[in-house]
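Peer 1: Let me see the structure of the following:
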Amino acid sequence: MVLYFAKFHKNKNNQYEVSFPDLEPNAATYGDTLEEALQSAHDSLTGYLLTQEDFDEEVPEPTDNPDKFNIVAPDFLVPVQVDLKLEREKEQNKFVKKTLTIPAFVNTLAKEANINFSATLTDALKEKLNLQ
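Peer 2: You can find the predicted model right below:
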């Protein structure tokens, strides 16, 4: 897990501009809403870090003291955390075989309905884990 601070600035078009002071000018992004900007910040940081890793490029260490950045209101800092191992697994999109136990009658009905067990389990797990 790595954690970098993102600086959020609301521009004259009412958009949130996002930059990472430790990584400037890299990994900058924006969003029309705060929620969108937060998601974009995570995606931008993830993409930047994975790309740097792919090309064996050095990445500056994240600052552990946000006061160092001297942010002036209304700008603000948000910590953005990335699990590079998990993000790399998502990128590679490998599949693993799982064995599970379900009631026999559910198995029978699902087979008769031509339900794809893998797709159904994947969808249910994504929903349960609040994944997109």
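Peer 1: residue at max distance from the center of the chain?
Peer 2: Note on the chain: the largest C-alpha distance from the chain mean falls to F105, namely 38.5 Å (CA atoms, centre = their mean).
Peer 1: And what about it, helix, strand or coil?
Peer 2: helix (DSSP: H, G, I helix; E, B strand; the rest coil).
Peer 1: Which residues in stretch 35-54 does the neighbour count mark as buried?
Peer 2: A37, L38, S40, A41, H42, S44, L45, T46, Y48, L49, L50, Q52 (16 or more other CB atoms under 10 Å). C-beta: built from backbone N, CA, C; applies to glycine.
Peer 1: Can you name every helix or strand that the helix or strand containing the fourth one contacts?
Peer 2: For A41, the enclosing helix or strand under DSSP states H and E is helix 34-54. Using 3 or more CB pairs under 8 Å, 6 or more residues apart in numbering; DSSP states H and E, the elements in contact with helix 34-54 are strand 2-10, strand 16-19, strand 29-31, strand 76-82, helix 84-92.
Peer 1: what pairs with the shortest one, and is each one parallel or antiparallel?
Peer 2: In other words, strand 29-31. Sheet pairing of strand 29-31 (DSSP bridges) gives strand 16-19 (antiparallel).
Peer 1: List the contacts of the residue farthest from the centre of the chain.
Peer 2: For F105, the contact set (CB atoms under 8 Å, 6 or more residues apart in numbering) is empty.
Peer 1: okay, and for this structure, where does confidence drop off?
Peer 2: Low-confidence segments of the chain (pLDDT under 70): 132.
Peer 1: And it, what are its domain boundaries?
Peer 2: Domain ranges of the chain: 2-92, 95-132, per automatic domain parsing.
Peer 1: deepest of those, which one?
Peer 2: Highest mean neighbour count among those (mean count of other CB atoms under 10 Å): domain 2-92, with a mean of 15.
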